[in-house]
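K.L.:
sequence plus predicted model, see below.
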Amino acid sequence: MYVSYYGFTAKPFQLSPNPRFFYASPPHRKALSYLEYGLTQGEGFIVITGPIGTGKSTIASSLLSRLDASHYVAANIVTSNLSPKELLEAIANAFGLQCENTSKSYILREIEHFLISISKANKRAIILIDEAQNLPRDSLEELRMLSNYQISNKPLVQSFLLGQEELRLKVQHPALEQFKQRIIASCHLKALNERETIEYILHRLKQVGWKDKPAFSEQALRKVHEYTQGIPRKINIFMDRSLLFGFMEKVELIDSKVIQSVANELKEELTPDAQQNQETATFEQTGSNAQKSYQSLTETLSAKDSEGMALAINEMLEKSLDQKIQLSQFIDFLLERKKELKDKQA
């Protein structure tokens, strides 16, 4: 809607990872440097962690886009709540191997043969696993076992793990000591500060041909940081909504009043009506934990100070983000089922 109105070539704040929009903030540049360092080493594990929405998938997408297909073969795994055998099947499928409904030993043999074949072709295999915090410990151990495949003391595969903060704790478990010793570099992403948030917004706008239409006041951009806490994905959600508001209201300047209006709209969308309040009270009487959390959110929304507003908007963005992630996971599930049905029909 607003893309043509403002003369953009595309939506500047889409949620799907796109290396075109990669913004190399200091922490993100450091993380990408670690990934590139890992490539030069050709062995071990590189681990990148960070809170949800901080840009781990975008970094991974940026790395994959830079790989020379004549030298690298990459397997990108995005569904990571997998048992050891399911993980091996996912890796095999990502490498183009057909190993469904076969034994684990067969899958391992096929993967090993594939790794040997590409090594003889002077190519390197990369396994990149997103949301790696969901991998059970025995699946991480299975991944470590794959790293033992070698030819002339040269590893045949290298793995990059991206995950939320829980991954940092998981690899500290005594059962994963050998896995931990294989980590050659790790980095933890943090939210953007105010200056980085402003640079991030302007960077994405410039990628779609923005020419000061709409214009943005510096105070408005500072308020975006306040409401999003510098989380890139939350910034995308808030900015997308702000541009839509600007289009609907035919606004040529996005100032602090516009940002406040968007924040108020988001706040109202979360504020329960009278009927919902009655339902909330009923559920609270039954001791529902979910409704207790809802009551806490309602109390937060009633706060008048700017800190309360920021917290409320931040929680709204968290919920919106979780819903989009769940939808993405469901789509992945449907695509997998569709592929299985297609393979059976073939």
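P.N.:
Yep, that arrived.

K.L.:
close enough to count as contact, residue 77 and residue 94?
P.N.:
Yes. At 6.1 Å, residue 77 counts as touching residue 94 under the criterion of CB atoms under 8 Å. All C-beta spots, glycine's among them, are computed from the backbone N, C-alpha and C.

K.L.:
okay, the two: which has more neighbours?
P.N.:
residue 77 (21 against 17; other CB atoms under 10 Å).

K.L.:
what residues are shared contacts of residue 77 and residue 94?
P.N.:
residue 127 (CB atoms under 8 Å, 6 or more residues apart in numbering).

K.L.:
burial check on residue 196, number of neighbours?
P.N.:
20.

K.L.:
contacts only, for it.
P.N.:
If a contact means CB under 8 Å, 6+ apart, then residue 196 has 25-26, 230 as its contacts.

K.L.:
so which bits of the helix or strand where it lies are buried?
P.N.:
Under the criterion of DSSP states H and E, residue 196 resides in helix 194-206. Neighbour-count burial for helix 194-206 flags 196-201, 203-205 (criterion: 16 or more other CB atoms under 10 Å).

K.L.:
in TSV, list these along with pLDDT and distance to residue 117.
P.N.:
Putting the buried residues of helix 194-206 into TSV (pLDDT from 0 to 100; distance: CB to CB, whole Å) gives the following:
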residue	pLDDT	distance to residue 117
196	93	44
197	95	47
198	95	49
199	94	45
200	94	42
201	95	46
203	94	41
204	94	41
205	95	45
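
K.L.:
follow-up on the earlier one: what's the PyMOL line that selects buried ones from the contacts of residue 196?
P.N.:
Buried subset of the contacts of residue 196, written as a PyMOL selection, criterion 16+ other CB under 10 Å:
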select buried, resi 25+230
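
K.L.:
distance of residue 60 from residue 31?
P.N.:
10 Å (CB to CB, to the nearest Å).

K.L.:
take the contacts of residue 196 and keep only those in helices.
P.N.:
residue 26 (DSSP state H).

K.L.:
export the contacts of residue 196 to JSON lines and tack on distance to residue 143 and pLDDT?
P.N.:
Below are these laid out as JSON lines (distance: CB to CB, whole Å; pLDDT from 0 to 100):
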{"residue": "25", "distance to residue 143": "29", "pLDDT": "83"}
{"residue": "26", "distance to residue 143": "30", "pLDDT": "83"}
{"residue": "230", "distance to residue 143": "32", "pLDDT": "92"}
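
K.L.:
closest one to residue 211 out of the contacts of residue 196, please.
P.N.:
residue 25 (23.8 Å; CB to CB).

K.L.:
just checking, the closest one touches residue 200?
P.N.:
Yes. Using CB under 8 Å, residue 25 is in contact with residue 200, at 6.7 Å.

K.L.:
joint contacts of those two?
P.N.:
With CB under 8 Å, 6+ apart, residue 25 and residue 200 have common neighbours residue 192.

K.L.:
may I have the helix holding residue 196 exported as CSV, CA atoms only?
P.N.:
Coordinates of each C-alpha in helix 194-206 appear next as CSV, following Å, rounded to 0.1, in the frame of the first residue of the first chain:
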residue,chain,number,x,y,z
GLU,A,194,19.7,4.6,20.3
ARG,A,195,22.3,5.7,17.7
GLU,A,196,22.4,2.3,16.1
THR,A,197,18.6,2.1,16.0
ILE,A,198,18.5,5.3,14.0
GLU,A,199,21.2,4.2,11.7
TYR,A,200,19.4,0.8,11.2
ILE,A,201,16.2,2.5,10.2
LEU,A,202,17.9,4.9,7.8
HIS,A,203,19.9,2.1,6.3
ARG,A,204,16.9,0.0,5.5
LEU,A,205,15.0,3.0,4.0
LYS,A,206,17.9,3.8,1.7
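
K.L.:
before we move on, the earlier item: tell me the one among the contacts of residue 196 nearest to residue 244.
P.N.:
residue 230 (21.6 Å).

K.L.:
so can I have TSV of the contacts of residue 196 showing distance to residue 246?
P.N.:
Supplementary listing: the contacts of residue 196 in TSV, determined by distance: CB to CB, whole Å:
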residue	distance to residue 246
25	25
26	30
230	22
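
K.L.:
how far away is residue 78 from residue 122?
P.N.:
Where residue 122 is concerned, residue 78 sits at a distance of 28 Å (CB to CB).

K.L.:
who has more neighbours out of these two?
P.N.:
Neighbours per residue (other CB under 10 Å) separate residue 78 from residue 122, with residue 78 holding more: 16 against 8.

K.L.:
with adjacent residues omitted, what lies nearest to that one?
P.N.:
The shortest distance from residue 78 to any non-neighbouring residue, by CB to CB, 6 or more residues apart in numbering, is to residue 130 (4.9 Å).

K.L.:
show me the strands in the chain, by range?
P.N.:
45-49, 72-77, 124-129, 150-151, 154-155, 157-163, 183-188, 215-216, 253-254 (DSSP state E).

K.L.:
what mean pLDDT does the fourth one get?
P.N.:
The average pLDDT within strand 150-151 is 88.

K.L.:
pull the residues that contact it.
P.N.:
Everything outside strand 150-151 that qualifies as a contact, by CB under 8 Å, 6+ apart, is 116, 119, 156.

K.L.:
same question for the fifth one.
P.N.:
By CB under 8 Å, 6+ apart, the residues outside strand 154-155 that reach it are 42-44, 119, 147, 149.

K.L.:
repeat that for 10 Å
P.N.:
Strand 154-155 has contacts (CB atoms under 10 Å, 6 or more residues apart in numbering) with 41-44, 115, 119, 124-125, 146-149, 182.
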